[in-house]
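Asker: Prediction below, plus the sequence it came from.
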Amino acid sequence: MGFLAPWFLVGLAAIGVPVFVHLLRRNVTTPRPFSSLMFFERGIQSSTRHRRLRYLLLFVLRAALVLLAVLAFANLFVRRPVTAARGRLLLIVLDNSFSMRAGTRFTDAKQQALETLASRPPAERSQIIALGGQLEILTQPITDGAQLRSAVESIQSGDGRASFADLGRGVRSIAESEHGPIDLHLFSDMQRTSMPANFADMVLPNNVSLTLHSAATGVPPANWDIESIEAPVELHNPKDPKLSRVRAVIAGFNTPNAAKSLSLVVNGKAVATRKIDVPANGRATVEFAPLDVAYGFNRCEVRIDDSDALPADNISIFTVRRADPERVLFVHPSSDTRSANYFGAALASAPQGSFVLQSTPAEQTAGLDPSRFAFVVLSDAETIPSIFEHALEQYVAKGGGVLITLGTGSTNRARIPVWGEGVRETRDFARTGAVSVSKVDFTHSALAQAQPGTDIGGWADVRVFYAASVDPGGARVAASLSDGTPLLLDKQIGEGHLLLFTSGFENLTNDLPLHPVFVHFVDRVVRYLSGNLRLAGSALVDSYVPLRSAPGPASVLANTDVIDPEGHRPLSLGEARTAQTFRLARAGFYQIRFANGQDAVIGVNADRRESNLEPIPEDVLKLWSKTGSDGTQKNLSQDQNRTPVSLWWYVIMLALLTAVAEAVVASRHMGTQREAV
């Protein structure tokens, strides 16, 4: 027994109020001399006793009412065993991650799960969960044995990566609604790479007891895998020695020195074979060059010709798209030729892709079709023909990309072509000293860098002498100057994007074209606006692919189409019109037609952390199993295995009855008795 709000017990001092009231009303009679009692009527002694009894009963009821009110606010409770609150729940979790494909692990684990399910009491509630790339709850807590068995048998081996942190979060969520005891049975290979960096993420609640069923016994088997592939996403010239090559890294886990044979397969045909020595528990790199592929999307793979404990990771797939160099339209004023030279030089130096720059004065663009170009650059173009601007607006809405720069011609510009907004003011920093770039959003695809460093990825050295101030509105500010002026803005229109650079590329408004970061910036902008970032050659299982840019009206009218590795269309008709992203749930080649009309073929591989078959050490497994209700990790006392049951409702009902009784007794005690005539 205890109190959930013990501070309210201070209110017990209010019991002194009835005591004070009754002492105040006590009738003390002083004896007085009287000559004769012959004129007094004989009274009945018992009536005086009854009033005295009612007087004491009223005092007790009033004191009890105050006591019950205080106990109600203090929330009196008693502890009951957990088993008295609700019935037990059997939670069966079957690991169907990629590593369970090794040997007969998955088959053995499923059989053990079925045996555990068959041995449960018929009236015990049970729930089935699959642990793969995502924690998939297959049933609610039910007692139907046939439905539970069907759920276990329906689980198939997957390509995802198991995470015991996800399991811990999922079980904690279930325990919030299941206040009774939970018997968790985990059937897994207990892979070490499934553990989170923080052990606390996999700790289980107090009412959960964990039983581990390991499908991996003995010494971890030797396993080799294709750890990584470096290959071009797009190839324009197979004779280019910088891009026309494939580099693969083979890794061994618990392996001896071995000679391995690797093959490069393009569209189902082995085009090259290499032999390589892999050190014990080490890595080796092999290169295939040149890479000769046909036009269009080519389905490629590097595979280890020998077999081992996990044959599924001996193949790594990717796609290479061969196409002619795409054209980029660079629109500029007739008086500006410097911007095109700087941009063209950076474009030619970009390591990814191959583009041909077509430089055109703004007044000569009336007859150009933007859809014939990978993307369009408007370099300080104050005005452009209205027919060309209208074509650009349609081009962007359907998925095209436009980069707009504002040079010295932006002074008091009422309207920026295609962007729509005007320039609020221009800021000439040359008079007071150049400003620097202070904030860069490296999560933006046009600015992404793996390790920017303390120099903000090279942007800290850039000096800006002139910039235009533009109201961002609904645009995303990707970079800004030290005085807060936005430098790079991204506005989404339909399926396309507009990038606005509020300075120029002519080496007059800033010195960005003279810094190495300019080449990286142009390379990322080209890939972002041309859409090539979404046409990645490979991806990991359980990653997401954006199908459309926005849920606006233009996106609703544009369908997407996805064909999975089995040749099925996983999206319904409704999802094809509205889905924003798609989860790559299986390994293999996916064909995707995006909402903007672009096609892609993406090779999807399992996470290579699943290739390390080393299990979790026994001492860690014992520590994990003790974090639930049956362990000593939390030093649970007997009281912690009992659940508190509040008596608030009963106390309130008793207080209500006491109040009614007090009112009845008080009315009879305080009432004026009529004298008999």
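Answerer: Everything's here; your move. None of the values given here were measured: they were computed from a predicted structure.
Asker: Every contact and neighbour count from this point should use C-alpha atoms.
Answerer: Will do.
Asker: what is the rounded mean pLDDT of stretch 618-633?
Answerer: What stretch 618-633 shows for mean pLDDT is 76.
Asker: actually stretch 10-30, sorry about that
Answerer: Stretch 10-30 comes out at a mean pLDDT of 68.
Asker: now stretch 403-413
Answerer: Per-residue scores along stretch 403-413 average to 79.
Asker: same question, stretch 474-489
Answerer: Mean predicted lDDT for stretch 474-489 stands at 92.
Asker: Show me what it is in contact with.
Answerer: 435-442, 444, 447, 467, 469-470, 472, 490-492, 499-503 (Cα atoms under 8 Å, 6 or more residues apart in numbering).
Asker: Can I have the buried ones of those as a PyMOL selection?
Answerer: Under the burial definition 16 or more other Cα atoms under 10 Å, those of those that qualify are selected in PyMOL by:
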select buried, resi 435+436+437+438+439+440+441+442+444+447+467+469+470+490+491+492+499+500+501+502+503
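Asker: what residue ranges in the stretch 351-500 of the chain score low on pLDDT?
Answerer: 351-353, 410-413 (pLDDT under 70).
Asker: where exactly do the helices run in it?
Answerer: 386-397 (DSSP state H, counting those that start in this stretch).
Asker: next one: the stretch 1-150 of the chain
Answerer: Along the stretch 1-150 of the chain, the stretches classed as helices by DSSP H, counting those that start in this stretch are 16-24, 45-74, 82-85, 105-118, 145-154.
Asker: To residue 205, which of those helices lies closest?
Answerer: Residue 205 sits nearest to helix 82-85 of all the helices of the stretch 1-150 of the chain, at 13.4 Å, using Cα to Cα.
Asker: what mean pLDDT would you report for that closest one?
Answerer: 44.
Asker: Next: stretch 276-285.
Answerer: Mean predicted lDDT for stretch 276-285 stands at 95.
Asker: mind exporting it as PDB, just the C-alpha atoms?
Answerer: Output of stretch 276-285 as PDB, limited to C-alpha atoms (Å, rounded to 0.1, in the frame of the first residue of the first chain):
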ATOM      1  CA  ILE A 276      43.400 -12.100 -56.900                       C
ATOM      2  CA  ASP A 277      44.900 -13.200 -53.600                       C
ATOM      3  CA  VAL A 278      42.900 -12.100 -50.600                       C
ATOM      4  CA  PRO A 279      44.800 -12.100 -47.200                       C
ATOM      5  CA  ALA A 280      43.400 -13.700 -44.100                       C
ATOM      6  CA  ASN A 281      40.600 -11.700 -42.700                       C
ATOM      7  CA  GLY A 282      41.700  -8.900 -45.100                       C
ATOM      8  CA  ARG A 283      40.700  -7.000 -48.300                       C
ATOM      9  CA  ALA A 284      41.900  -6.900 -51.800                       C
ATOM     10  CA  THR A 285      41.100  -4.600 -54.800                       C
END
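Asker: Tell me the buried residues in that stretch?
Answerer: Under the neighbour-count criterion of 16+ other Cα under 10 Å, stretch 276-285 has 278, 283, 284, 285 buried.
Asker: ok so, going back, mean pLDDT lowest for which of the helices of the stretch 1-150 of the chain?
Answerer: helix 82-85 (a mean of 44).
Asker: Could you chop this protein up by domain?
Answerer: 1-27+52-74+647-677, 87-220+624-631, 228-322, 326-533, 537-605 (automatic domain parsing).
Asker: how far does the longest one sit from the chain's center?
Answerer: Looking back up the chat, that one is domain 326-533. 32 Å (Cα atoms, centre = their mean, to the nearest Å).
Asker: Let me know how buried the spatially closest residue to residue 248 that is not a sequence neighbour is, in neighbour terms.
Answerer: Once flanking residues are discounted, residue 248 sits nearest to residue 229: 4.6 Å by Cα to Cα, 6 or more residues apart in numbering. Applying other Cα atoms under 10 Å, we find 21 residues neighbouring residue 229.
Asker: Residue 240 too?
Answerer: With other Cα under 10 Å as criterion, residue 240 counts 13.
Asker: what's the spacing between it and residue 520?
Answerer: For residue 240, the distance to residue 520 (Cα to Cα, to the nearest Å) stands at 20 Å.
Asker: same check, this time on residue 127
Answerer: 52 Å.
Asker: ok, now residue 183?
Answerer: In terms of Cα to Cα, residue 183 sits 55 Å off from residue 520.
Asker: neighbour-wise, which of these two wins?
Answerer: Using other Cα under 10 Å, the more surrounded residue of residue 183 and residue 520 is residue 520, with 23 against 19.
Asker: what's the pLDDT at residue 40?
Answerer: 63.
Asker: looking at the helices of the stretch 1-150 of the chain, which is closest to residue 247?
Answerer: Nearest to residue 247 among the helices of the stretch 1-150 of the chain is helix 105-118 (32.1 Å), distances taken as Cα to Cα.
Asker: Just the CA coordinates for that closest one, please, in PDB.
Answerer: Extracted in PDB, the C-alpha atoms of helix 105-118 (Å, rounded to 0.1, in the frame of the first residue of the first chain):
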ATOM      1  CA  ARG A 105      19.800 -20.700 -40.300                       C
ATOM      2  CA  PHE A 106      16.500 -19.400 -41.400                       C
ATOM      3  CA  THR A 107      14.900 -22.800 -41.800                       C
ATOM      4  CA  ASP A 108      16.100 -23.900 -38.400                       C
ATOM      5  CA  ALA A 109      14.900 -20.600 -36.700                       C
ATOM      6  CA  LYS A 110      11.500 -20.900 -38.300                       C
ATOM      7  CA  GLN A 111      11.100 -24.500 -37.100                       C
ATOM      8  CA  GLN A 112      12.100 -23.500 -33.600                       C
ATOM      9  CA  ALA A 113       9.500 -20.700 -33.600                       C
ATOM     10  CA  LEU A 114       6.800 -23.100 -34.700                       C
ATOM     11  CA  GLU A 115       7.700 -25.500 -31.900                       C
ATOM     12  CA  THR A 116       7.600 -22.800 -29.300                       C
ATOM     13  CA  LEU A 117       4.300 -21.600 -30.600                       C
ATOM     14  CA  ALA A 118       2.900 -25.200 -30.500                       C
END
